[in-house]
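Colleague: Got a predicted structure plus its sequence, pasted below:
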Amino acid sequence: MTQTALIPRARLRVLAAFCGVGGDTAVYMAAGCHVTGVDQTPQPRYIGDVFHQGDAIEYIRSHGHEYDLIHAGPPCQFDCTLTAGTNAAKRAGYPDLLEPTREALKATGRAYVIEQPPGRASKRMRIDVTLCGEMFGLGVIRHRNFELGGWTAVPPVHRPHRGRVAGMRHGKWYEGPYFAVYGEGGGKGTITQWQQAMGIHWTEVRKEIAEAIPPAYGRWLATAFLSPSTLEVAA
């Protein structure tokens, strides 16, 4: 995919809900946006303009209307593969954040993005765009689905993968052009390899890298949202 250059416009205000370390924040800022992040846990390496520690959904309800665009990636444990099948009993320990997040976003009347990995959550959301690391030449596959509210975008073509994910499987090492950026298990690459694969260089904490989306995804979303036609729809 040929990446369209970001076009800085008026300093739009973006809210990054469940922001983590700020994988999406970096490129919204590069596009000239003022970005506020909110997360339940401390994020000392968050790179946005402002950070609020607190409940993201409550913050959206109270302040979401103050922003031009809200990017929300609620934690997915309730719907992910780690709480499916034989691990289904673990699901009860995680809250269902998808529906409350969507309700809060819609109530603001503002344009929004909901981001989730493939899984049960994808069956409960409208998938307007799916992004993959291969679209951007990254060293991760890392599929992510996005629901767009109050604006539209033409999704990029999903390129064929070049091989498998490198790592240890049942005692055997497999080579591949991608790294598995999640978990603490062995055979998943070094921190430096994770940073390069994801395009995240401002943190060396594995958990923070693993919970982020590649900045290239945020770049694509920011570019799409900041196009003249999109701004007319979102106005």
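Modeller: On my side now, so go ahead. Numbers count the residues shown, from 1 in each chain.
Colleague: Does residue 68 touch residue 11 like I think?
Modeller: No: the pair residue 68 / residue 11 is not scored as a contact, 9.5 Å apart, by CB atoms under 8 Å. All C-beta atoms are positioned from the backbone trio N, CA, C, and that covers glycine.
Colleague: Next, show the common contact partners of these two.
Modeller: residue 33 (CB atoms under 8 Å, 6 or more residues apart in numbering).
Colleague: Between the two, which is the more surrounded one?
Modeller: residue 68 (18 against 12; other CB atoms under 10 Å).
Colleague: and that one, what does it touch?
Modeller: Neighbour list for residue 68: 12, 13, 14, 33, 110, 111, 234 [criterion: CB under 8 Å, 6+ apart].
Colleague: burial count for the first one?
Modeller: For residue 12, the count of nearby residues is 21 (other CB under 10 Å).
Colleague: what pLDDT does the closest residue in space to it that isn't next to it in sequence get?
Modeller: Nearest residue to residue 12 in three dimensions, chain neighbours excluded: residue 68, at 4.3 Å (CB to CB, 6 or more residues apart in numbering). The per-residue pLDDT reported for residue 68 equals 96.
Colleague: Likewise for residue 234?
Modeller: So residue 234 comes in at 53 (pLDDT).
Colleague: how close does the closest residue to residue 164 other than its chain neighbours sit to residue 189?
Modeller: Nearest residue to residue 164 in three dimensions, chain neighbours excluded: residue 176, at 4.2 Å (CB to CB, 6+ apart). Counting by CB to CB, to the nearest Å, the separation of residue 176 from residue 189 is 11 Å.
Colleague: you'd agree residue 107 is up against residue 62?
Modeller: No: contact criterion CB under 8 Å: residue 107 and residue 62 do not qualify, at 10.7 Å.
Colleague: quick one on the thing from earlier: could the contacts of residue 68 be laid out in CSV, adding secondary structure and distance to residue 48?
Modeller: Shown next, in CSV, are these (DSSP: H, G, I helix; E, B strand; the rest coil; distance: CB to CB, whole Å):
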residue, secondary structure, distance to residue 48
12, coil, 13
13, strand, 11
14, strand, 9
33, coil, 10
110, coil, 18
111, strand, 18
234, helix, 20
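Colleague: Can you add distance to residue 163 and give these back as a markdown table?
Modeller: Listed next are the contacts of residue 68 as a markdown table, based on distance: CB to CB, whole Å:
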| residue | distance to residue 163 |
| --- | --- |
| 12 | 39 |
| 13 | 41 |
| 14 | 35 |
| 33 | 36 |
| 110 | 41 |
| 111 | 37 |
| 234 | 39 |
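Colleague: end-to-end on stretch 15-25?
Modeller: End-to-end distance for stretch 15-25: 9 Å, by CA to CA, to the nearest Å.
Colleague: Report the rounded mean pLDDT for it.
Modeller: For stretch 15-25, mean pLDDT is 94.
Colleague: quick one: contacts for residue 108?
Modeller: With contact set as CB under 8 Å, 6+ apart, residue 108 has these partners: 60, 64, 65, 67, 70.
Colleague: Compare those residues and tell me which has the most neighbours.
Modeller: residue 70 (29 neighbours).
Colleague: Strand partners (parallel or antiparallel) of the host helix or strand of that residue?
Modeller: Element membership of residue 70 [criterion: DSSP states H and E] is strand 69-72. According to DSSP bridges, strand 69-72 forms sheet pairs with strand 13-17 (parallel), strand 111-116 (parallel).
Colleague: Following element in sequence after it, please.
Modeller: That would be, after strand 69-72 and using DSSP H and E, helix 98-108.
Colleague: Could you pull up the mean pLDDT of that next one?
Modeller: Mean pLDDT, helix 98-108: 97.
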